[in-house]
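J.: Here's a sequence, model it:
(chains A and B)
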Number of protein chains: 2
Amino acid sequence: MIIDVHGHYTTAPPALGAWRDRQVAALGDPANAPRASELKISDDELRESIETNQLAKMKERGHDLTIFSPRASFMAHHIGDFQTSSTWAAICNELCCRVARMFPEHFVPAAMLPQSPGVDPATCIPELVRCVEQYGNVGINLNPDPSGGHWTSPPLTDKLWYPVYEKMVEYDIPAMIHVSTSCNPAFHTTGAHYLNADTTAFMQCLAGDLFTDFPTLRFLIPHGGGAAPYHWGRFRGLAQEMKKPLLDTHLLSNIFFDTCVYHQPGIDLLTDVIPVKNILFASEMIGAVRGIDPTTGHAYDDTRRYVDATANLSAEERHLVYEGNARRVFPRLDTQLKRKGL
Amino acid sequence: MIIDVHGHYTTAPPALGAWRDRQVAALGDPANAPRASELKISDDELRESIETNQLAKMKERGHDLTIFSPRASFMAHHIGDFQTSSTWAAICNELCCRVARMFPEHFVPAAMLPQSPGVDPATCIPELVRCVEQYGNVGINLNPDPSGGHWTSPPLTDKLWYPVYEKMVEYDIPAMIHVSTSCNPAFHTTGAHYLNADTTAFMQCLAGDLFTDFPTLRFLIPHGGGAAPYHWGRFRGLAQEMKKPLLDTHLLSNIFFDTCVYHQPGIDLLTDVIPVKNILFASEMIGAVRGIDPTTGHAYDDTRRYVDATANLSAEERHLVYEGNARRVFPRLDTQLKRKGL
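T.: Have a look, this model is predicted:
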C-alpha cells in the first residue's frame, strides 16, 4: 500500500476562491461579508475536481491513499482576524471531509487550523475537535508563522502552543508543520518561506526540550525537512554544543520528514542520512512544482520514482516509507484502515 | 594551494568585545560612546589570537590561505544606527587588515559593510572603497537582512542595492551573502537564520533578473547554499514555472556555493548536483560548529576531509574547488597571488 502523507486540495472548484475573495474584500466591512452558507459546490463539481486531478495522478503513479488537507498557500492566516480564519478554516476543512467521504478508499482528511497572528493558539481547539470527532481527521497542519513571513510568533517550544499539543496528545494525532503564503517580499512562498519554515521548526525543536514535556507528541516536517538533512552534521554539532542528547534520542522519536524533495540526489541524501523509521512518503502533488523535469521526462513531484530508485532502501525499508511509518505516525489512519480490513 | 574562502575573525582579543559592549551601552547616550581610538589591541595580542587558533588549524589541516572577514555574528547591523555600524565596521575591518598584513602568506581580507536597517546601502560605499583601495580587500560580505531576522529589506534584486553592485562590478569583487545575529526569537542564529538567508538569497536571485542588469556581478552563497542544492529539483522546477532560463544560464555564471557543509553526505550531494566551477572550498572554521564529530573523530568543520574523500571529484576538479575557482571568483586575490609569483 502506498500512502502519500502530504496532499493539499489545490484544485478546488473556482467557487471556493471566489468566496474567499469576497471575504477578503469585506474585511473591515462585516455587513458585506459572505456567509459560509453562500458557498455552493455540488458533489459533481467536487468529484470532477478530484477525479481529473489528484485521483488521476494517484492512479497513474500507483498511490493508494492521500492524507488530504486544505491548500497550504490558501490558509493565509495573516488575513483578517480570528473570525476570518475561523470561517475560512471551517469551509476548507468541510470540503476536504466531503472529498474523503466521496472517495473513502483514496483520501483521508487532515485539518487546517483557524490560526491568526497574535491570537492564542488555544482558540483553534474547537475546530480541531470538530475535525477529529465529526470528520475523522487523522492529523492537523500547524502553522509556526501565522503572520505570513514576519515570524512574530514565539518558537514552537513556547508554552503558548501547549494547549494545541495537549489536544494532539489526547487524540494521538501528529501535526505537519506547514506555513502558508508569505506576505513578506523577502521570501518567495514556495521557494524560500516553506523551506525556511521547515529548517526553523526543526531548529526550534533542537534548541528546546519540548519532547521531554510531550514524549508522544509528533511533528512531520515537510519538504524533506527543509535544509536539515543536507546539514545534518551541522545540526548534530549544534546539539552537541548546546549539551543536548544525540539527535536520535533528542528528536527522532518525535520528528519525521516527508519525501517532498524533487530530484533523485535529494532523496538519496534523505534516505542516507535520516533513519528509515523517520521518513514518510509524500509528493505534495499538483503543488509548488507541477512541471516535467527535462532531465528525466517525468514530473518533478513524482517522488515515488526517486523512492523506488534509491539504492539506500531495501524492500522492507521501502514498505516502511510507503506505508508502515505513516500508520505508526498517524494511528487514527491505522485504525481506520484496520476497520476496513487493511 | 588550498584557499578557504570563508573565514571570520571569531577569536579577536577580548578588548574588541569590551569596546563593542561600551558602544552598545552608550546607544542613545552619545556623550558616553567610546571613541575608536580607545580600542587598543597590540600586535602581540593580535598575533597570538591568530597563531593559536586559525593559523594553527590551517597548518594542521593543510590550508594555505584564508579569505578573512570580521566575525559574522558580531556585525549585528540591527544595533544602533548608521553611525554605530560605521564606527564598528571600520574597527573590525581594520583588525582584519592588520591580521592580513601580519600574515600575508595566510590571510587576505574581505570587508563587512556598515549596513543599518532602513538606511540606503549606498552609504556603505565609502567603507567599501577604503577597504579595497587602502586595505587590499578582495571581497565583501553583504547582509541581505540588516534587521537581524525581521527581513525588512527588499530582495537583493531591488534597485535599492544597485549602488553597491555598481561598485562591486567596478572593482570586480564578489560579495558573500551573509547575515548576522538573529534578534528574532523564532530564528536560531547559526541553526536557522544563516541557512534560511542562504536559501532566501538564492530564491530572490532566481525570481529576479539581476544578472541581466549586472552580467559580471558575483555572489557567493555560504553554508553550501543553504537548502538550495538539496532541493535543486524544486528550484529547477520553480524556474521553469516562472519562465526563467535553465539555472545554468540564469544563475550559475554569477552564483557560487561554498563547502561549509559539515558531514560527508552533504558534500557528496553538493558536488554531485552543483557544477564544479560553482563550488569554492571553505570551512568557516572556529565558527558555528566547533566540536568533534563522534562518528568520525574529526572536527565537524574540517571540511577538507569531506572534499578530499568525495568520489565525485577528479584531481583536476578538486584543484578547481580548492584554488582555481577562488582565483576566478576573487580576481583581486588572483592578482595579489600572481604578484607574489603564486
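
J.: All the strands of the stretch 51-200 of chain A, residue numbers only.
T.: A:65-70, A:107-109, A:111-112, A:140-142, A:175-177 (DSSP state E, counting those that start in this stretch).

J.: Start from the N-terminal end of the stretch 201-342 of chain A and give the helices.
T.: Taking DSSP state H, counting those that start in this stretch as the test, the helices found in the stretch 201-342 of chain A are A:210-213, A:232-241, A:247-250, A:264-273, A:303-309, A:315-319, A:325-329, A:331-339.

J.: For chain B, which of those helices is the nearest?
T.: With C-beta to the nearest C-beta as the criterion, chain B lies closest to helix A:232-241 of the helices of the stretch 201-342 of chain A, at 2.8 Å. C-beta: built from backbone N, CA, C; applies to glycine.

J.: chain center to the closest one: distance?
T.: A distance of 26 Å separates the centroid of the chain from that of helix A:232-241, by C-alpha atoms, centre = their mean, to the nearest Å.

J.: Just the CA trace of that helix, in PDB.
T.: The C-alpha trace of helix A:232-241 is given here as PDB (Å, rounded to 0.1, in the frame of the first residue of the first chain):
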ATOM      1  CA  TRP A 232      22.700  17.000   9.400                       C
ATOM      2  CA  GLY A 233      26.400  17.300  10.600                       C
ATOM      3  CA  ARG A 234      25.800  21.000  11.400                       C
ATOM      4  CA  PHE A 235      22.700  20.100  13.500                       C
ATOM      5  CA  ARG A 236      24.400  17.200  15.200                       C
ATOM      6  CA  GLY A 237      27.300  19.600  16.100                       C
ATOM      7  CA  LEU A 238      25.000  22.300  17.300                       C
ATOM      8  CA  ALA A 239      23.100  19.900  19.500                       C
ATOM      9  CA  GLN A 240      26.400  18.800  20.900                       C
ATOM     10  CA  GLU A 241      27.500  22.300  21.700                       C
END
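
J.: Show me which positions of it end up buried.
T.: With burial defined by 16 or more other C-beta atoms under 10 Å in any protein chain shown, the residues of helix A:232-241 counted as buried are A:Trp232, A:Gly233, A:Arg234, A:Phe235, A:Arg236, A:Gly237, A:Leu238, A:Ala239, A:Gln240.

J.: circling back to that earlier point, any chance of the helices of the stretch 201-342 of chain A in JSON lines with distance to chain B and mean pLDDT as columns?
T.: Below are these laid out as JSON lines (distance: least, C-beta to the nearest C-beta, whole Å; pLDDT from 0 to 100):
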{"stretch": "helix A:210-213", "distance to chain B": "14", "mean pLDDT": "98"}
{"stretch": "helix A:232-241", "distance to chain B": "3", "mean pLDDT": "98"}
{"stretch": "helix A:247-250", "distance to chain B": "11", "mean pLDDT": "98"}
{"stretch": "helix A:264-273", "distance to chain B": "5", "mean pLDDT": "98"}
{"stretch": "helix A:303-309", "distance to chain B": "9", "mean pLDDT": "98"}
{"stretch": "helix A:315-319", "distance to chain B": "17", "mean pLDDT": "98"}
{"stretch": "helix A:325-329", "distance to chain B": "21", "mean pLDDT": "98"}
{"stretch": "helix A:331-339", "distance to chain B": "27", "mean pLDDT": "98"}
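
J.: among the ones you listed, which is nearest B:Glu127?
T.: Closest of the helices of the stretch 201-342 of chain A to B:Glu127 is helix A:232-241, at 30.8 Å (criterion: C-beta to C-beta).

J.: Report the separation between A:Asp198 and A:Pro174.
T.: 15 Å (C-beta to C-beta, to the nearest Å).

J.: A:Pro146: what's it in contact with?
T.: Counting by C-beta atoms under 8 Å, 6 or more residues apart in numbering or on different chains, A:Pro146 touches A:His77, A:His78, A:Gln115, A:Ser116, A:Pro117, A:Val119, A:Ser153, A:Ser180.

J.: again, only this time at 10 Å
T.: Going by C-beta atoms under 10 Å, 6 or more residues apart in numbering or on different chains, A:Pro146 touches A:75-78, A:85, A:113-119, A:121, A:124, A:152-153, A:179-180.

J.: ok, now how distant is the nearest residue to it once chain neighbours are set aside from A:Thr152?
T.: Counting by C-beta to C-beta, 6 or more residues apart in numbering or on different chains, A:Pro146 lies nearest to A:His77, which is 3.7 Å off, once chain neighbours are set aside. Distance of A:His77 to A:Thr152, given as C-beta to C-beta: 11 Å.

J.: Spell out which parts of the stretch 51-200 of chain A neighbour chain B.
T.: A:144-145, A:147, A:149-156, A:158, A:182, A:184-200 (C-beta under 10 Å from any C-beta of the partner chain).

J.: which helix of chain A spans the most residues?
T.: Ranked by residue count, the top helix of chain A under DSSP state H comes out as helix A:82-102.

J.: Show the average pLDDT along that helix.
T.: For helix A:82-102, mean pLDDT rounds to 98.

J.: Now do the buried residues in it.
T.: Buried positions in helix A:82-102, judged by neighbour count with 16+ other C-beta under 10 Å: A:82, A:84-100.
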